[in-house]
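got a predicted structure here, sequence first:
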Amino acid sequence: MAETQQNTSVRDKMKVAVLTAMNITGELFDSQDLCRQAESQYDAYRRRFEKIGKKIDAVLASAR
């Protein structure tokens, strides 16, 4: 009886460990996706600011 209870306990602990690892892995992939999205937005903003900077430079150059 004690052996059955111990085996069940080990099995339950293993289930918890595996589910925890799967949850952590899922959160890792989610955070990587968010990071990629943020990098993409950053690149888009950087390109916009570069265009705005070039336009400002062109206006200032033509004003001279």
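Good, I have the coordinates. Numbering: from 1, shown residues only.

what about this structure, any weak spots by pLDDT?
The model of the chain has pLDDT under 70 over residues 1-7.

tell me where it has strands.
With DSSP state E as the definition, the chain shows no strands.

ok, now how distant is Lys64 from Gly53?
Not Lys; residue 64 is Arg. Between Arg64 and Gly53 the computed distance is 17 Å (Cβ to Cβ, to the nearest Å). (Glycine included, C-beta is placed from N, CA and C.)

those two: who's more crowded?
Between Arg64 and Gly53, Gly53 has the larger neighbour count (other Cβ atoms under 10 Å), namely 10 against 4.

which parts of the protein are helices?
Taking DSSP state H as the criterion, the chain contains helices spanning 2-63.

what's the distance between Val10 and Val16?
For Val10, the distance to Val16 - Cβ to Cβ - is 11 Å.

I should have written Thr8 there, sorry.
Thr8 is 13 Å from Val16, where distance means Cβ to Cβ.

repeat for Asp30
For Asp30, the distance to Val16 equals 21 Å [Cβ to Cβ].
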